[in-house]
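Participant: I need the structure of the sequence given here:
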Amino acid sequence: VYGKTRKEVAEKLTEILGKQQRGLPVNVDRQTVADFFAHWLKDEVKPNREPKTYESYESTVRLHIVPDLGPLQLSRLTPQHVQALLRRKETAGLSPRSVQYIRTVLRIGLNRALKWDMVGRNVAALVDPPKVERDEVKPWTRAEADRFLAMARSDRLGALFSVALALGLRKSEALGLRWQDVDLDTGTLHVRHQLQRIKDHGLVLKTPKTARSRRTMNLPGPIVAALRAHKVRQLEERLIAGSRWVDSGHIFTTGIGTPIEPTNVNKHFARLVAEAGVRYQRFHDQRHWCATLLLAQGVPPRVVMELLGHTQISTLMDLYGHVLDEDRRAAADVMGRIFGEGDASTEGEHEAK
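Facilitator: Next up is the predicted model:
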């Protein structure tokens, strides 16, 4: 142990003896934060996580964590370092959600360092994340949805938007549908894959991460009709394309049968929204419309949760609590009428006596 003064040496020695008593390694590790996270991403995240997750973690480490904390020794990283990093990111204009994600990636990586006895504590876990205000869900009204669907009905991808709107599908789920996933005779649809663009891999079909996301759904009659019409349209496009047609098996494809680029769907959807003259919505916001309408019509929250593929009912409650509040108020009104009627009848009996 080295130090400028006897006191400094004594403090370091006390720290090392304390680590020894707790069963932690006593050697001085000079590995930097940058070295550790490079190793963590390569040997821990990449082999064991989904490619999309690795891509997200890697970009966060490369763009935000390493430039600020990379040169520091891992064993000397403190909560103050992490707090200062988050504050700098907020000052630079990053959203609270983005800053929160930086802390999340840092915390997950340092958890592994903690398990490997490379640090004595997870300093990221000791720093409070920025408060993230949940955006209020403002889905389309029934009239707005009808106007959009009327505009989309004649579009070559109209069936895609109708299916997503009626079933609350994620964009990746809708684009990952293949004809073998639907039975138009029985009116059933199976969500088995998601279409994602992954760096260095292109468009890839991935199995949903959770069991609840892999689900079977019943198709409303109008959606069955829309898919039948879409199938006819696709056969016509296949004849026009001739030898250029790629038989990918997907329900929703480009004009030559290949899977559709997700970003192109966003642009296509935005154009139809503008032409319909309704409030701007993202493609993903169609899930909100589906859930809100079903809850407002009295469909049990657990059924809606399963339809949307949520893993926890608390997620549904957080997103759509305003709709459920209306149901609770209605239930209270019912009980109020029941008790009110009972009081009135009792008073009438007393007056009769």
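Participant: Wait, a strand at Thr216?
Facilitator: Yes - per DSSP: H, G, I helix; E, B strand; the rest coil, Thr216 lies within a strand segment.
Participant: Could you say which helix or strand holds the residue lying closest to it once chain neighbours are set aside?
Facilitator: Of all residues not flanking Thr216 in the chain, His190 sits nearest, at 5.2 Å (Cβ to Cβ, 6 or more residues apart in numbering). The way it works is simple: take the backbone N, C-alpha and C, and place the C-beta from them, glycine included. In this structure, His190 sits in strand 188-191 according to DSSP states H and E.
Participant: Check which residues of that strand are buried.
Facilitator: Leu189, Val191 (16 or more other Cβ atoms under 10 Å).
Participant: Check stretch 295-309 too.
Facilitator: Applying 16+ other Cβ under 10 Å to stretch 295-309 flags Leu295, Pro301, Val304, Met305, Glu306, Leu307, Leu308, Gly309 as buried.
Participant: With stretch 101-110 instead?
Facilitator: Neighbour-count burial for stretch 101-110 [16+ other Cβ under 10 Å]: Tyr101, Ile102, Arg103, Val105, Leu106, Arg107, Gly109, Leu110.
Participant: before we move on, back to that, need the contact list for the residue nearest to Thr216.
Facilitator: By Cβ atoms under 8 Å, 6 or more residues apart in numbering, the residues touching His190 are Asp181, Val182, Arg215, Thr216, Met217.
Participant: Need phi/psi at the second one.
Facilitator: Geometry field for Val182 lists phi and psi as phi -120, psi 150, criterion degrees, to the nearest 10.
Participant: sorry, back to before: any idea how far the residue nearest to Thr216 is from Leu307?
Facilitator: The gap separating His190 from Leu307 is 13 Å, by Cβ to Cβ, to the nearest Å.
Participant: Over to Arg121?
Facilitator: Taking Cβ to Cβ, one finds Arg121 at 43 Å from Leu307.
Participant: again, but for Gly202
Facilitator: 31 Å.
Participant: now the helices for the stretch 51-200 of the chain?
Facilitator: 51-60, 66-69, 79-91, 96-115, 142-152, 158-167, 171-175 (DSSP state H, counting those that start in this stretch).
Participant: Which elements pack onto the longest one?
Facilitator: What that stands for is helix 96-115. helix 33-40, helix 51-60, helix 79-91 (3 or more Cβ pairs under 8 Å, 6 or more residues apart in numbering; DSSP states H and E).
Participant: what angle separates it from helix 33-40?
Facilitator: If you take axes from the mean of the first three to the mean of the last three Cα atoms, to 10 degrees, helix 96-115 sits at 80 degrees to helix 33-40.
Participant: how distant is helix 96-115 from the center of its chain?
Facilitator: Its chain's C-alpha centre lies 17 Å from the corresponding centre of helix 96-115 when counted by Cα atoms, centre = their mean, to the nearest Å.
Participant: quick revisit: between His190 and Leu307, which contacts overlap?
Facilitator: With Cβ under 8 Å, 6+ apart as the test, His190 and Leu307 both reach Arg215, Met217.
Participant: What number of residues are in the vicinity of the residue nearest to Asp247 when sequence neighbours are not counted?
Facilitator: Leaving out its chain neighbours, the residue that sits closest to Asp247 by Cβ to Cβ, 6+ apart is Gly257, at 6.0 Å. By other Cβ atoms under 10 Å, 17 other residues sit near Gly257.
Participant: Test my guess that Gly257 contacts Leu239.
Facilitator: No - with contact defined as Cβ atoms under 8 Å, Gly257 does not count as touching Leu239 (11.6 Å).
Participant: thinking again about what came up before, and the residue nearest to Thr216, how far is that from Lys12?
Facilitator: For His190 relative to Lys12 (Cβ to Cβ), the value is 62 Å.
Participant: Got the phi and psi for the residue nearest to Asp247?
Facilitator: The phi/psi pair for Gly257 (degrees, to the nearest 10) is phi 90, psi 0.
Participant: ditto for Arg282
Facilitator: phi -80, psi 160.
Participant: ok, now which ones touch it?
Facilitator: So Arg282 contacts Asn266, Phe269 (Cβ under 8 Å, 6+ apart).
Participant: ok, now which ones touch Val303?
Facilitator: Contacts of Val303 by Cβ under 8 Å, 6+ apart are Leu294.
Participant: One more: the one 3 residues further on?
Facilitator: Taking Cβ under 8 Å, 6+ apart as the criterion, Glu306 is in contact with Arg212, Arg215.
Participant: Run a quick neighbour tally on Ala332.
Facilitator: 10.
Participant: what's the answer for Leu235, then?
Facilitator: 10.
Participant: just to revisit the earlier point, what would the helices of the stretch 51-200 of the chain look like in JSON lines with mean pLDDT and distance to Tyr320?
Facilitator: Below are the helices of the stretch 51-200 of the chain laid out as JSON lines (pLDDT from 0 to 100; distance: least, Cβ to Cβ, whole Å):
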{"stretch": "helix 51-60", "mean pLDDT": "93", "distance to Tyr320": "26"}
{"stretch": "helix 66-69", "mean pLDDT": "95", "distance to Tyr320": "38"}
{"stretch": "helix 79-91", "mean pLDDT": "95", "distance to Tyr320": "29"}
{"stretch": "helix 96-115", "mean pLDDT": "95", "distance to Tyr320": "20"}
{"stretch": "helix 142-152", "mean pLDDT": "88", "distance to Tyr320": "16"}
{"stretch": "helix 158-167", "mean pLDDT": "92", "distance to Tyr320": "16"}
{"stretch": "helix 171-175", "mean pLDDT": "94", "distance to Tyr320": "19"}
